[in-house]
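Peer 1: Okay, predicted coordinates and the sequence, questions at the end:
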Amino acid sequence: MVIHDSQRAMRKLSQVGYYRLSGFWYTSRIIRTSDEGLSFRSDDFLPGTSFEQAYDLYLFDKKLRMLMMDALERIEIHIRSVIAHEVGRYDPLAYRKESYINQRLLNDGRNGKPSTFEKWRNKLDLKIQDSRDECIMWHLSQQKEIPFWVAVETWDFGQMSKYYAMLNGGMQAKIIKRLQLDNKQTLTKWLQCLNLLRNRCAHHSRIWNRKHAVVPIPKSIFFDELKIDARACERLYSAICIMWYLVKMIGPGSTWIRQVAELFDKKPNMPGCSYESMAFRNQASLEPDSETRLDSCMQTTTASRGPRRGLVQFLQHISCASVSFIHGAMNIALLITSQRCAPDASRRCKCPYPTPCPL
């Protein structure tokens, strides 16, 4: 590894820690084969690897976590509200009642131990007692029961995910209908995946080149366009697609995916650090003329809405894998935006997307 400024490198190692930084140069270590025929990462680095690149990748990962948290916050607040509305409409204290819970999770306690639901409820009671939220404290001071729509303010992403997973099928069906999904288990798996990502981001863990549990991908035009393969289902690309689906549904005017795309435009060019490590598709998986068509769409958008720094540059100047990412990002934005073509025929886009054309 090349170190251009040894004093700066020592300072950054003391500030960040060797172990944390080493995760960012791991993929730049050369793979060798042992005498037994087993592959391993050696202590030698790919040519051109520098400490500065590894530290820049660390900073890139930090900015990426902040963008992920931005989307996760919106998703968490929205789904909490949906659950409180759909279940709480039947009983303000429904979150405490067993009648809304899958029976299997009410009877899974063994040898006098609490059931899954009882453990969840006991943990919630502790959080309510420890809460410093003014509304919670007022209800407690008045010795009033905490209604559903107030109690959810104490939930974290994990508690929300577990509560949805515990609900009976009827309640889950009402919630997924609000989220425009058609499979109850899909949302269960999504929330588990996003909760893991949220915890990694909140605890400042690396999310670059990390796996998560395999997530199901619905059969729909939206997701079919993204061509999420089996490998992508356990990498960050699938999580980004899921988050964008939910964020765009919550706020149709969101530009979150554009911010993500522009950040990837600035990813450090480090040996061994490819976009494919996050399962962004490579050039071979794109249709033969998709790059040309995408470029046409992007140029049209730039001409009609002003410059969008990073997107066209993203397409033209960096790796093939990043082209496939912006292809996916633009697909998402195009498929669910509500904007229509301008009446002026000279500005009408000739892209292949379904009508009415969003450009």
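Peer 2: That came through fine.
Peer 1: From now on I want contacts and neighbour counts done on CA atoms only, so please keep to that.
Peer 2: Fine.
Peer 1: Pull out the buried positions in the helix or strand hosting residue 69.
Peer 2: Of the helices and strands defined by DSSP states H and E, residue 69 is found in helix 51-88. For helix 51-88, a neighbour-count test (16 or more other CA atoms under 10 Å) marks 51-58, 60-62, 64-65, 67-69, 71-72, 75-84, 86-88 as buried.
Peer 1: And stretch 263-276, by the same measure?
Peer 2: By neighbour count on 16+ other CA under 10 Å, the buried set for stretch 263-276 is 263-265, 267-268, 270-276.
Peer 1: Do me a favour and get the end-to-end distance for that stretch?
Peer 2: Length of stretch 263-276, first residue to last, CA to CA, to the nearest Å: 16 Å.
Peer 1: what separates that stretch from the chain centre, distance-wise?
Peer 2: Computed by CA atoms, centre = their mean, to the nearest Å, the chain-centroid distance of stretch 263-276 equals 18 Å.
Peer 1: Over that stretch, what's the mean pLDDT, rounded is fine.
Peer 2: The pLDDT scores in stretch 263-276 average 81.
Peer 1: Likewise for stretch 244-259?
Peer 2: For stretch 244-259, mean pLDDT is 89.
Peer 1: Am I right that residue 257 is in a strand?
Peer 2: No - using DSSP: H, G, I helix; E, B strand; the rest coil, the assignment for residue 257 is helix, not a strand.
Peer 1: Touching, it and residue 242? I think so.
Peer 2: No - at 11.4 Å, residue 257 does not count as touching residue 242 under the criterion of CA atoms under 8 Å.
Peer 1: Could you check which of those two has the larger neighbour count?
Peer 2: Set side by side, residue 257 and residue 242 show more neighbours around residue 257, with 22 against 18, by other CA atoms under 10 Å.
Peer 1: Relative to residue 211, how far out is that one?
Peer 2: Here residue 257 is placed at a distance of 21 Å from residue 211 (CA to CA).
Peer 1: helices and strands of this protein: which one bottoms out on pLDDT?
Peer 2: For the chain, the helix or strand with the lowest mean confidence is helix 311-317, at a mean of 32 (criterion: mean pLDDT, DSSP states H and E).
Peer 1: Count the residues that sit near the closest residue in space to residue 214 that isn't next to it in sequence.
Peer 2: Of all residues not flanking residue 214 in the chain, residue 234 sits nearest, at 4.5 Å (CA to CA, 6 or more residues apart in numbering). Using other CA under 10 Å, residue 234 has 20 other residues around it.
Peer 1: The top strand by length along the chain: partners in the sheet, and parallel or antiparallel?
Peer 2: Counting residues, the longest strand found in the chain (DSSP state E) is strand 39-45. Here strand 39-45 is paired, per DSSP bridges, with strand 29-33 (antiparallel).
Peer 1: Please identify the buried residues of the strand it pairs with?
Peer 2: So for strand 29-33, counting by 16+ other CA under 10 Å, buried means residue 29.
Peer 1: how far is it from where the chain is centred?
Peer 2: Here strand 29-33 is found 31 Å from its chain centre; the criterion is CA atoms, centre = their mean.
Peer 1: residues making contact with it?
Peer 2: Here strand 29-33 makes contact (CA atoms under 8 Å, 6 or more residues apart in numbering) with 39-46, 272.
Peer 1: one more time with 6 Å
Peer 2: Strand 29-33 is contacted from outside by 39-42, 44-46, using CA atoms under 6 Å, 6 or more residues apart in numbering.
Peer 1: how long is stretch 253-269 from one end to the other?
Peer 2: End-to-end for stretch 253-269, by CA to CA: 32 Å.
Peer 1: Now do the same for residue 111: its pLDDT.
Peer 2: pLDDT recorded at residue 111 is 76.
Peer 1: how much space between it and residue 117?
Peer 2: 16 Å.
Peer 1: ok, these two, which is more surrounded?
Peer 2: Between residue 111 and residue 117, residue 117 has the larger neighbour count (other CA under 10 Å), namely 25 against 5.
Peer 1: Residue 242 and residue 217: what is the separation?
Peer 2: Distance from residue 242 to residue 217, by CA to CA: 9 Å.
Peer 1: Then residue 246?
Peer 2: From residue 246 to residue 217 the distance is 13 Å (CA to CA).
Peer 1: With residue 85 instead?
Peer 2: Per CA to CA, residue 85 is found 26 Å from residue 217.
Peer 1: In the helix or strand that contains residue 222, which residues are buried?
Peer 2: Here residue 222 sits within helix 221-224, counting by DSSP H and E. Using 16+ other CA under 10 Å as the test for burial, helix 221-224 gives 222-223.
Peer 1: Quick check: the nearest residue to residue 51 once chain neighbours are set aside vs residue 52, distance?
Peer 2: Ranked by CA to CA, 6+ apart and with sequence neighbours excluded, the top spatial neighbour of residue 51 is residue 3, at 5.4 Å. Distance of residue 3 to residue 52, given as CA to CA: 7 Å.
Peer 1: If anything else comes up later, I'll come back, but that's it for now.
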